[in-house]
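Novice: Next input, structure requested:
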Amino acid sequence: MDRQRISRLAHAHHPIAAPLTDESVALLLERATAGAADGRALDLGCGEGAWLVRALAARPRWRAVGVDLDAAALTRAREAATALGVVRRIGLHHVDARQFSSVEPFDLVLCVGATHAFGGLLPTLAAAREHLAPGGRVLVGEGFWEREPSRAALDGLGAARDDYADLATTTDRVLADGWTPVSGYVSSRQEWDDYEFAWTGALAEWALEHPEDPDAAAAREAADRHRREWLHGYRGTLGFVTYLLRRD
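Specialist: I've put the predicted structure just below:
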């Protein structure tokens, strides 16, 4: 089954593709756009555009650009923007985020839960830097080890020990790369659990409701595997931090 379709189905009830509640997202966006009545935002790996659509709905003088490789997700982003009356202020580009370019810089660059597209946190920040206006901010979300990962945790994530570090080391690396965290948020265990149950539940329910679909069995198997890998593997081991950064 196509990985992009799995992701779209799994995020049906949790369009923010990260362990963050709606309230947390609102607070992060409020902090990220504080003091700016108008501006331009760019989301690298925007998926269904949940961050940008929410930002524009609350900020009538902001404009935004979203970039993603999933054409179906971008269609949903456009539909959501239309429903909220912000579609004329958003541009959506079906292109690899690594290839995207723009003549004008952005006041806010986002990449939350999509740093894998660039090969990790620091390469993501390097890409964001190329798009950032002077004095602009970057909102980036990344995993970190809450505790030393077990073999079950690594297997469940399909990860290596060096793919992440603890929170202190992750933050030190950001600082050493020339960025200053001006705010940050560590997702709670409840947010992680809600996200994982929403992810696996939406995918499994879709399979139950569409038994005639050729992908139904694969969807159910993916949901069951993901739930098992989370509950018996990385639950309580992988954390998630969202930094708001400015250049030194």
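Novice: Name the residues of the biggest helix by length in the chain that are buried.
Specialist: When the chain is parsed with DSSP state H, its longest helix is helix 189-209. Buried residues in helix 189-209, counted by 16 or more other C-beta atoms under 10 Å: 191-192, 194-196, 198-207. C-beta coordinates here come from the backbone N, C-alpha and C atoms, glycine included.
Novice: of all those, which two lie farthest apart?
Specialist: Comparing all pairs in these by C-beta to C-beta, the longest separation belongs to E191 and A207, at 25.0 Å.
Novice: burial count for G143?
Specialist: Neighbour count of G143, defined by other C-beta atoms under 10 Å: 24.
Novice: what's near enough to touch it?
Specialist: Y164, L238, G239, F240, V241 (C-beta atoms under 8 Å, 6 or more residues apart in numbering).
Novice: can you redo these as TSV with secondary structure?
Specialist: Below are the contacts of G143 laid out as TSV (DSSP: H, G, I helix; E, B strand; the rest coil):
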residue	secondary structure
Y164	coil
L238	strand
G239	strand
F240	strand
V241	strand
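Novice: can you tell me the average pLDDT over the longest strand seen in the chain?
Specialist: Ranked by residue count and defined by DSSP state E, the top strand of the chain is strand 132-145. Strand 132-145 shows a mean pLDDT of 97.
Novice: Packing partners of the helix or strand following that strand?
Specialist: Counting by DSSP states H and E, the element after strand 132-145 in chain order, helix or strand, is helix 151-157. When contacts are defined as 3 or more C-beta pairs under 8 Å, 6 or more residues apart in numbering; DSSP states H and E, helix 151-157 packs onto helix 216-229.
Novice: quick one: secondary structure of the residue located most distally from the centre of the chain?
Specialist: In the chain, E212 marks the outermost C-alpha relative to the chain mean, sitting 31.5 Å out by C-alpha atoms, centre = their mean. Per three-state DSSP, the secondary structure class of E212 is coil.
Novice: Dihedrals phi and psi, it?
Specialist: phi -80, psi -10 (degrees, to the nearest 10).
Novice: cool, and A83?
Specialist: The phi and psi values for A83, taken as degrees, to the nearest 10, are phi -60, psi -30.
Novice: What sits closest to E196 if chain neighbours are left out?
Specialist: Nearest residue to E196, sequence neighbours excluded (C-beta to C-beta, 6 or more residues apart in numbering): W230, at 4.9 Å.
Novice: quick one: contacts for that neighbour?
Specialist: Contacts of W230 by C-beta under 8 Å, 6+ apart are G156, E196, T200.
Novice: Relative to A204, how far out is the residue farthest from the centre of the chain?
Specialist: Using C-beta to C-beta, to the nearest Å, we find E212 at a distance of 16 Å from A204.
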